[in-house]
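Colleague: sequence and predicted structure below; questions after.
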Amino acid sequence: MYKKLILGDPIDTEAILCEVPAETTESSFTGVEKSVSFLKDFTICRKGLETKPAKENTREACTADEPTGEIILTRTLRGRELVYGLGETLRGINKRGWIYVSNNADDPNHTEDKRSLYASQNFLLLFGDGAAQALFVDVPGKVTFDVGYSELKTLEIRIASADAALYYAESEDPLLLIREFRSLIGRSYQPPQWAFGFGQSRWGYKTAADIREVADRYAEAGIPLSMIYLDIDYMDHYKDFTIDEKAFPDFPDFVAEMKERGIRLIPIIDAGVKMEKGYPVYEEGVKGDFFCKKEDGTDLVAAVWPGRVHFPDFLKKETRDWFGEKYRFLTEQGIEGFWNDMNEPAIFYTEDHLREVFEELDRFKEMEEMDIWSFFAFQDLTGSINNRPEDYRTFFHEYKGQRLRHDQVHNLYGYYMTRAAGEKLRDLVPGGEYLLFSRASYVGMHRYGGIWTGDNKSWWSHLLLNLQQLPALNMCGFLFCGADTGGFGGDCTEDLMLRWLAVSIFTPLFRNHAALGTRNQELYRFEQTDTFRNLIRLRYALIPYLYDTFTRAAEENDLIFTPLALAYPSDERARTVEDQLLVGEALMIAPVYTQNAAGRYVYLPEDMTLYRFRSVTDYDVIPLTAGDHYVSLATSEVAIYVRPGYSLEVSGEEFSITAN
Ligand code: MIG
């Protein structure tokens, strides 16, 4: 049973849907360390309230100052304790040993040293040494989770606000804590079954001819394909809810033609609305007062792909209703699915800051001689214009009648954009069967759409990261997820693509996507067409099982991907396995994720049957006993481990995976 502790006057994010009993505390403790009983092992310190301005309807002064007020939670990590959760983050399944910052960031370089990605999913699970504990920090601003990074045995959570809602529970059973948390946050979004097919995407497809070529070449190669994604170039000058009519004449006919061939087109929608006289979305937004405002009440001017844009204030109900309705422009033309991008929101520059930069540049110009420190300052001036923390403190939202500075609700932006879409798509798409996923997210968004994990790279390490992110995302309610298969940035090689597919064929969202300028990575570009065809057919054979598993996980608040440490709590070896997962209740996967490997060691917590597939109908069946095994696995093969009590049968091109 979860309880909540309310400190100060937190923003209601609508992550939690149910009433949770509140712990009564003096909410005003200031600057003192304090152990609050229901958080048992935690010490809470709430600071900086003295400096908080008492301005009405404003939580902070209307300036770009750093936020005032802070809450620090500290807890000693037990020796053998594992820390799971936090959704989309870097590093392993066990989060111990690193520091993670919830601060949705458009950063395409997911290197090991980074602390923030596109999502903030502040749910932590501590287990494996004494009773398990779960904590959800429901704060939409910046939260730092130092999980044994600064000090090996200390968990420190720093909340950049004096206001917070904390949800906490304890149990002997960590899986129960996940299920109960999920029941509080509401049922996960579930897409239609067609969305479990394979999708091809690439930033750079520009015209109907480009799209047709992709469809044709997949058909020629005999590789099944269910979706082609439209990246920003389908739009007229990157304007949301427009179509470049030169590139896509007769769009509705084209959509219908593709659907006839079994392929749905999935367009992207960006957060920023282009400022352009006569462009209806812009005009309506200004008129309706739907955009984010600066302190002086004028609309914030920022720049993203369309050039200068306004950001819809998705926290405002009226804006959501309006923006959600706009998707109709595309649903009326036969579109049934979307991906929402740039909704951290990503900012290339703000008009105000750009002006400051030019003024400063003038000062540099006047220098007789630039000393080295000035040179560094000069370099920084233009090198750090995008996604600046200071810019996120210069605009405001209207939320439930309150004016809120953006940085304090930053992590809600993608959530509320996707909510705007999801709430309308239920009606706009026939039968409510819409596909929707987002880049930025927060807990609560999982009710409206899924996510993809953003701009990864064609790196072997990101293949492993893909696997490791899945259980944490599931814990936070995000069941419909996947990574850009083959990697977004960088150049994908044939062996990496093959190994990556052997993981992605199990993820609900299954999409090959790549960045502009990278090597082409559509599956027909590689040599081993037969192998790729076999792998994709394996995916289609798995869909009934994956769909059932998904439905059950959504209904029963379960995981699709379960780490072995949670599935086999009394197994010592299982605790440390970071590269194998259960998929549903019947299967385990243990993929190869290193270059040039001919196989790998696999740990079996119990006897299992290995099915080694070369194609749906060509496979080995190898019974294995519990323990460690070296399993050979060519790049053309996929290993599926079937747990005792279940059987896998091949009937035609389908698998039936059932309990005995
Ligand atoms: O600034 O629309 O993550 O999937 O291809 C880059 C172009 C904008 C970022 C997305 C990526 C997409 C790209 N977008």
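Modeller: Arrived safely. Numbering: from 1, shown residues only.
Colleague: so what does whatever residue of the stretch 301-450 of the chain ends up closest to the ligand look like in phi/psi?
Modeller: Across the stretch 301-450 of the chain, the shortest distance to the ligand (CB to the nearest ligand atom) belongs to Asp341, at 5.0 Å. Where you see a C-beta, it was placed from the backbone N, CA and C, and this is true even at glycine. Phi and psi for Asp341, reported as degrees, to the nearest 10, are phi -120, psi 170.
Colleague: and Asp407, what helix or strand is that in?
Modeller: helix 406-409 (DSSP states H and E).
Colleague: next SSE after that helix?
Modeller: For helix 406-409, the following helix or strand on the C-terminal side (DSSP H and E) is helix 413-428.
Colleague: is that next one anywhere near the ligand?
Modeller: No: Helix 413-428 does not reach the ligand (CB under 6 Å from any ligand atom); its nearest approach is 11.7 Å.
Colleague: name the surrounding residues that touch the helix holding Asp407.
Modeller: Identification of contacts with helix 406-409 by CB atoms under 8 Å, 6 or more residues apart in numbering yields 11, 59-60, 67, 140-142, 161, 292, 315, 389, 392-397, 399, 413.
Colleague: quick check, distance from it to the centre of its chain.
Modeller: The chain centre lies 19 Å from the centre of helix 406-409; the measure is CA atoms, centre = their mean, to the nearest Å.
Colleague: dump that helix to CSV, keeping only the CA atoms.
Modeller: Output of helix 406-409 as CSV, limited to C-alpha atoms (Å, rounded to 0.1, in the frame of the first residue of the first chain):
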residue,chain,number,x,y,z
HIS,A,406,8.6,26.6,-17.4
ASP,A,407,11.6,25.1,-15.6
GLN,A,408,9.4,24.1,-12.8
VAL,A,409,7.2,22.0,-15.0
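Colleague: Asn122: what's it in contact with?
Modeller: 86, 102, 136-139, 143, 145, 443.
Colleague: quick one: contacts for the closest residue to the ligand within the stretch 351-500 of the chain?
Modeller: When scored by CB to the nearest ligand atom, the stretch 351-500 of the chain has Asp455 as its residue closest to the ligand, at 4.7 Å. Shown in contact with Asp455 (CB under 8 Å, 6+ apart): 108, 110, 484, 488-489, 515.
Colleague: hmm, Asp628 is touching Ala590, no?
Modeller: No: Asp628 is not in contact with Ala590 according to CB atoms under 8 Å; the separation is 11.1 Å.
Colleague: so which of the contacts of Asp455 sit within strands?
Modeller: Asp484 (DSSP state E).
Colleague: mind giving me the ChimeraX select for the contacts of Asp455, buried ones only?
Modeller: A single ChimeraX command is used to select the members of the contacts of Asp455 judged buried by 16 or more other CB atoms under 10 Å:
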select :110,484,488,489,515
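Colleague: between the contacts of Asp455, which is nearest Met1?
Modeller: Comparing the contacts of Asp455 against Met1 with CB to CB places His110 closest, at 36.7 Å.
Colleague: more neighbours: which of Asp628 and Ala590?
Modeller: Neighbours were counted for Asp628 and for Ala590 using other CB atoms under 10 Å; Ala590 has more, 24 against 9.
Colleague: from Lys457, how far off is whichever residue of the chain sits closest to the ligand?
Modeller: Nearest to the ligand in the chain, going by CB to the nearest ligand atom, is Trp203, at a distance of 3.6 Å. Using CB to CB, to the nearest Å, Trp203 is found at 14 Å from Lys457.
Colleague: tell me which of those two has more neighbours.
Modeller: Set side by side, Trp203 and Lys457 show more neighbours around Lys457, with 21 against 17, by other CB under 10 Å.
Colleague: pLDDT at that one, what is it?
Modeller: We have a pLDDT of 98 for Lys457.
Colleague: that one bridge partners, please.
Modeller: Gly489 (DSSP bridges).
Colleague: that one touches Gly487, doesn't it?
Modeller: Yes: if you go by CB under 8 Å, Lys457 and Gly487 touch, sitting 4.9 Å apart.
Colleague: identify the residues contacting the helix-or-strand element of the chain with minimal mean pLDDT?
Modeller: When the helices and strands of the chain are compared on mean pLDDT, DSSP states H and E, strand 33-35 comes out lowest with a mean of 73. Outside strand 33-35, the residues that touch it by CB under 8 Å, 6+ apart are 42-46.
Colleague: can I have the buried ones of those as a PyMOL selection?
Modeller: In PyMOL, a selection of the buried entries from the contacts of strand 33-35 looks like this (16+ other CB under 10 Å):
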select buried, resi 42+44+45+46
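Colleague: dump the contacts of strand 33-35 to a markdown table, plus distance to Glu653.
Modeller: Compiled in a markdown table, these are given as follows (distance: CB to CB, whole Å):
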| residue | distance to Glu653 |
| --- | --- |
| Phe42 | 53 |
| Thr43 | 58 |
| Ile44 | 57 |
| Cys45 | 60 |
| Arg46 | 60 |
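Colleague: farthest-separated two in the contacts of strand 33-35?
Modeller: Phe42 and Arg46 (12.4 Å).
Colleague: got the CA coordinates for stretch 600-616 in PDB?
Modeller: Provided in PDB are the C-alpha atoms of stretch 600-616 (Å, rounded to 0.1, in the frame of the first residue of the first chain):
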ATOM      1  CA  ARG A 600      27.800 -16.000 -25.700                       C
ATOM      2  CA  TYR A 601      27.500 -17.300 -22.200                       C
ATOM      3  CA  VAL A 602      24.000 -17.500 -21.000                       C
ATOM      4  CA  TYR A 603      22.800 -18.100 -17.400                       C
ATOM      5  CA  LEU A 604      19.700 -20.200 -17.000                       C
ATOM      6  CA  PRO A 605      18.100 -19.900 -13.500                       C
ATOM      7  CA  GLU A 606      16.100 -23.000 -14.300                       C
ATOM      8  CA  ASP A 607      16.000 -25.700 -17.000                       C
ATOM      9  CA  MET A 608      14.900 -24.200 -20.300                       C
ATOM     10  CA  THR A 609      14.500 -25.300 -23.900                       C
ATOM     11  CA  LEU A 610      16.600 -23.300 -26.400                       C
ATOM     12  CA  TYR A 611      15.000 -22.800 -29.800                       C
ATOM     13  CA  ARG A 612      17.600 -21.600 -32.200                       C
ATOM     14  CA  PHE A 613      15.900 -20.200 -35.200                       C
ATOM     15  CA  ARG A 614      17.300 -19.600 -38.700                       C
ATOM     16  CA  SER A 615      13.800 -19.000 -39.900                       C
ATOM     17  CA  VAL A 616      10.300 -19.700 -38.700                       C
END
